[in-house]
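Undergrad: Sequence first, then the predicted structure, then my questions.
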Amino acid sequence: MNTILLGNLISLAGAVLMVVIGFIKRKERVLAVQCVQFSLMGVGNLVLGGVTGALSNLVSLVRNLVCYKAGITIPLKLLFIAVQAGLSLWVNTQGLIGLLPVIAACIFTWFLDVKSDLGMKILLIGTQCLWLVYDFTIMNYVSFAFDIMCLCSNGVGIYRIHKSAK
């Protein structure tokens with residue numbers, strides 16, 4: 001089977017979860033579903049040659065598990081950011097494009113303890129824009145399309161949060 005097709009098929013499963021996350025209001029549930037999404041997207045990225053994307057997903061998976069179980073502290077944030085940046089710089093062969101998942105993961109990690117559900121949605125939208133460019137560049141067209149849908153679903157999530165606050 002063609003690696004572009006295989007990578008896109010694997011990414012499809014993770015991408016569906018990524019869009020579903022946009023409709024989830026509670027941060028804890030977002031983090032739990034993201035763990036499955038990161039696993040699938042990481043494998044898809046690896047198949048497509050997106051090593052930094054795969055690595056970013058792996059580190060983010062571990063980060064979410066730690067955060068979900070024990071919470072996140074500034075030292076843990078710094079540790080995950082350092083691991084993310086160090087490993088990604090070591091394996092990156094894609095130049096600036098290869099750094100986009102790293103930048104997204106580091107931003108997400110730093111602001112992971114945002115208290116409001118609305119803040120989490122805004123964070124997801126901001127970091128998703130970086131993945132949008134990366135996915136298109138590595139020919140992960142399924143993820144690219146779903147990145148757009150994810151941006152839309154998070155917009156709906158923001159609307160739902162505002163609506164329920166009234």
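TA: Yes, it's here. Residues are numbered from 1 along each chain as shown.

Undergrad: Quick check: buried residues in stretch 95-108?
TA: Neighbour counts over stretch 95-108 (16 or more other C-beta atoms under 10 Å) mark 97-106, 108 as buried. Every residue, glycine included, has its C-beta placed from N, CA and C.

Undergrad: no, scratch that, I was asking about stretch 150-161
TA: Residues of stretch 150-161 classed as buried by neighbour count (16+ other C-beta under 10 Å): 150-151, 153-154, 157-158, 160-161.

Undergrad: do stretch 119-131 as well
TA: Judged by neighbour count (16+ other C-beta under 10 Å), stretch 119-131 contains these buried residues: 120-121, 123-125, 127-128, 130-131.

Undergrad: What lies in contact with that stretch?
TA: For stretch 119-131, contacts defined as C-beta atoms under 8 Å, 6 or more residues apart in numbering pick out 21-22, 27, 30, 53, 100-101, 103-105, 107-108, 111-112, 114, 143, 147, 150-151, 154-155, 157-158, 161.

Undergrad: Among those, which are located in helices?
TA: Among the contacts of stretch 119-131, the members falling in helices (DSSP state H) are 21-22, 27, 30, 53, 100-101, 103-105, 107-108, 143, 147, 150-151, 154-155, 157-158, 161.

Undergrad: how close does Leu130 sit to Leu99?
TA: 9 Å (C-beta to C-beta, to the nearest Å).

Undergrad: How about Tyr159?
TA: From Tyr159 over to Leu99 the distance is 32 Å, taken as C-beta to C-beta.

Undergrad: still on that earlier bit, specify which member of the buried residues of stretch 95-108 is nearest to Met41.
TA: Of all the buried residues of stretch 95-108, Met41 sits closest to Pro101, with 9.7 Å by C-beta to C-beta.

Undergrad: give the contact list for the closest one.
TA: Contacts of Pro101 were listed using C-beta under 8 Å, 6+ apart, and they are 45, 50, 52-53, 55-57, 88, 130-131, 134.

Undergrad: What helix or strand is the closest residue to it other than its chain neighbours located in?
TA: What sits nearest to Pro101 in space, not counting adjacent residues and going by C-beta to C-beta, 6 or more residues apart in numbering, is Ser56, at 3.8 Å. Using DSSP states H and E, Ser56 falls within helix 51-70.

Undergrad: Next one: the closest residue to Val133 other than its chain neighbours from Gln94, what distance?
TA: Excluding the flanking residues, the one nearest Val133 by C-beta to C-beta, 6+ apart is Leu100, at 5.8 Å. Between Leu100 and Gln94 the computed distance is 9 Å (C-beta to C-beta).
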